[in-house]
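Q: predicted model follows, preceded by the sequence.
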Amino acid sequence: MNNILDNLNNSQKDAVLYNSGPSLVIAGAGSGKTRVLTYKIAGLLQEGLPPWSILALTFTNKAAREMKERIATLVDPESARRLWMGTFHSLFFRILRAETEAIGFPGGFTIYDTSDSKSLLKTIIKEMGLDDKIYKVNAVYSRISGAKNDLISPEAYASNGDRIKQDILCKRPLIKEIYLRYVNRCRLASAMDFDDLLFQTNVLFRDHPDILAKYQNLFRFILVDEYQDTNFSQYLIVKKLADNHHRICVVGDDSQSIYSFRGANIENILNFKNTYPEGKLFKLEQNYRSTQTIVNAANSLISKNKSQIPKKVFSEKEMGNRIKVLTAYSDLEEGFMVANKINEIRLSVFDSFNDFVILYRTNAQSRIFEEALRKRNLPYRVYGGLSFYQRKEIKDVIAYLRLSLNEDDEEAFKRVVNYPTRGIGETTMQKIIHAASEHHISLWKVLQTPAEYGVQINSGTAKKLEGFRLFIESIHQQVGAKNVYELTGQLLIDSGIQHELNADQSPENMSRKENIQELLGGMHEFVASRIEEGNDAVFLTDYLQEVSLLTDQDESKNEQGERITLMTIHAAKGLEFKNVFIAGLEEDIFPSAHSLESDRQLEEERRLLYVAITRAESVCVLSYAKSRFRNGQNNFTRPSRFLKDLDPHLLDYPTEAATSHSNDTSSFERESSLYWKSKNRFAEKSSSISDYRENRFKTSAWKESPAPSPRTMQAGSPVSATGKPLKRLSKPSTNTPATNANEAFASNTTGLKADSVILHERFGQGRVKSIEGVGDNAKIEVEFENSGYRKLLLKFARFTIIE
DNA sequence: GACGACGACCTTTTT
DNA sequence: GGTCGTCGTC
């Protein structure tokens, strides 16, 4: 242990060695938090605490896995393996499954993922005859999830004045009723959603003091990572478990709290002292990850937030380069600029592709970077988005497995009852669903004896239902005898899925087959590794648990070779990269339009950028575009307000701006106005916002007329430095939009010749290499500064000649 | 009951 | 740009 301690600085050492009471470790970004946690656990093990008496809660499975690996090398693999280390959801799933009798799920239960939950809510909203325009599934889901995370049952919800008042204000007074029905339906289906795993753990501990005592005695030391992102439900579980011995250590950073949308409550970390008055506070303030410039820039940003625990994060590494800001004309060009910059850095310092990450606020932004990287032949890997296990074909197979294990699983039932098609359509299903809710039983029970529950069907349909029932039962019977891999292989054949996918050679089918093959491969690996570890019995539940509680980060399929990483900032939490690109620093994206209602949310967005910047070791690049294609329209954007929050001395704006350093306007405004003064010939004069609105309005009206797509027309509008569009050369009228639009946006090509420099609407600035053809067929070849060589049809190209 | 065409709505972020 | 749900036709 002594030599281990040599690797720690004094504050880390203090935090590691204090084990006699509760402690809060405020760990600034890059301050060696994981190191403290692993060394602390290693120390506890060396003190003689058995590994199974240590409960270590992490934010992702990946974090747990990595920490276990480090402990395995520090102490020994066997101890590492026996630690109770994992996410809240996976560990308490384990406990709930061991206590199924006590929680009233005697036959076990399955886990509903978010899409199952939403699908059930949709069904309930429909059944209640409510307007799904008002009772939007997402809104209802988040209300219910929020209630569960605050440990409010449907009954408590109905008598909770505040919540009811809010619902009435939002014109959704019946959420309480939906909530109640939802909970009942989940129970009928023997299903728990993500929030239930925590909620039911609380119920278990509340109603069964003996069981609580058992786990209180088992867990002699408790550690919680990312404590700033725990919710009330999690807080209470931890508090109860630690109640007797108070041997608890929570680690976190209030500046990195970014999950309030999921119920995370920053108060948990801020109020730690109230929960444990004798608790000790440790602060890790030295950042070992990033250059001074990056740390200072991040500090300058976060200092704009009001509520935070005072701390001063510092770095003693080199100053490093300033943070570069890239300004693009369009989202498309932003992609090219980032790709080019990556190339440039790689060529000058020979970094591996693994040293690069592109971070964005929303998953939808990934596409544009994927395209740009593909065109440059740069290898990349995208995390998140539509995950593997969310694909239709995968969900279908999993649904069969779920149903065969828990036949009451309503969502799984609905998913596969008619896939592949076996003639059980909507009408029959409606009858079954109706009968089920009438008699308060599961769909499966109705299926067993439809007539008994008054389901009126003809004999043909009855036969088909019977066939489905027998099929599911036959898989059910094989569950004990076959492992997941074998079972699924059989299932694919017997269900007819195999046959269906072999029916034609369409590309969709080919890719589905590939995915299913991959799924089988994963199952094989799962089974093999369990057997390797000495588990001779590999349960289907274990497999299903694992796939439903996987996190995005866990999906890294260790693809060989170096790759640039693309992910949301949320997914990047806890990671670090030598070179970090943060894209889309625009109003309404970052900060998100949804965050503008309250300071609290805006501060969370700011913390999110703080998290993003502090992922960087040596290079951090910010980028934004002046126009962006979103929701089927090209819109003008304004640079993010956060750019102004960053210390301007630490930023490096494009060269145009470098020449002018006069007044107090922020750099990007300087840069933009200069740019537009010198180069923009799109417009004669600038227009007001009301003109802009008018144009937008007209555009949507145009949608009803046959001709050009809104994208084409919107894309033609020139934009001013502030993001306001400039007046068009000719005003479009609403009657004959096509003609006017074409007139308005046709580029003026007078004087265009080889070697002309043009400013293209989407590709930015470039030099004309050649012109070929005449009239409508004329093409130009252009070398763009950031977008490379392109051939453009003169007729459609949108650009201005600069020189 | 199956399937294709069209339109509405969409986007935060995730266990 | 893409998904999901609805509607109309076979």
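A: Looks like it arrived, so ask away.
Q: and the nearest residue to A:Glu562 once chain neighbours are set aside, how far is that from DNA strand B?
A: Spatial nearest neighbour of A:Glu562, excluding adjacent residues (CB to CB, 6 or more residues apart in numbering): A:Phe353 at 3.8 Å. All C-beta spots, glycine's among them, are computed from the backbone N, C-alpha and C. Applying CB to the nearest atom of the strand, to the nearest Å, the value for A:Phe353 to DNA strand B is 21 Å.
Q: make sure A:Phe353 is actually in contact with A:Phe577.
A: No: assessed by CB atoms under 8 Å, A:Phe353 is found out of contact with A:Phe577, at 10.7 Å.
Q: between the two, which has more neighbouring residues?
A: A:Phe577 (23 against 17; other CB atoms under 10 Å).
Q: what's the neighbour count on the residue nearest to the more buried one when sequence neighbours are not counted?
A: Excluding its sequence neighbours, the residue lying closest to A:Phe577 (CB to CB, 6+ apart) is A:Val357, at 4.2 Å. Neighbour count for A:Val357, taken as other CB under 10 Å: 23.
Q: my read: A:Val357 touches A:Ile569, true?
A: No: shown here, A:Val357 and A:Ile569 do not form a contact pair, counting by CB under 8 Å, at 10.0 Å.
Q: show me the beta-bridge partners of the residue nearest to A:Phe272 when sequence neighbours are not counted.
A: Nearest non-adjacent residue to A:Phe272, counting by CB to CB, 6+ apart: A:Leu24, 4.5 Å away. Taking DSSP bridges, one obtains A:Val250, A:Leu281 as the residues bridged to A:Leu24.
Q: where's A:Leu24 relative to A:Glu267, distance?
A: From A:Leu24 across to A:Glu267, the span is 13 Å (CB to CB, to the nearest Å).
Q: higher neighbour count, the two?
A: Taking other CB under 10 Å, A:Leu24 and A:Glu267 do not tie; A:Leu24 has more neighbours (23 against 14).
Q: nearest residue to A:Gly467 in space, please, no chain neighbours.
A: A:Arg422 (6.9 Å).
Q: contact partners for that neighbour?
A: The contact partners of A:Arg422, taken as CB atoms under 8 Å, 6 or more residues apart in numbering, are A:464, A:467-468, A:496.
Q: mind doing that once more with 10 Å?
A: A:416, A:464-465, A:467-468, A:471, A:495-496 (CB atoms under 10 Å, 6 or more residues apart in numbering).
Q: give me the buried subset of those residues.
A: Those of the contacts of A:Arg422 that meet the buried threshold are A:416, A:464-465, A:468, A:471, A:495, by 16 or more other CB atoms under 10 Å.
Q: could I get the residues you listed as CSV with distance to DNA strand B, secondary structure and pLDDT?
A: Converted to CSV, the buried ones among the contacts of A:Arg422 look like this (distance: CB to the nearest atom of the strand, whole Å; DSSP: H, G, I helix; E, B strand; the rest coil; pLDDT from 0 to 100):
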residue, distance to DNA strand B, secondary structure, pLDDT
A:Val416, 13, helix, 89
A:Lys464, 8, helix, 89
A:Leu465, 10, helix, 90
A:Phe468, 12, helix, 92
A:Phe471, 16, helix, 93
A:Ser495, 14, helix, 89
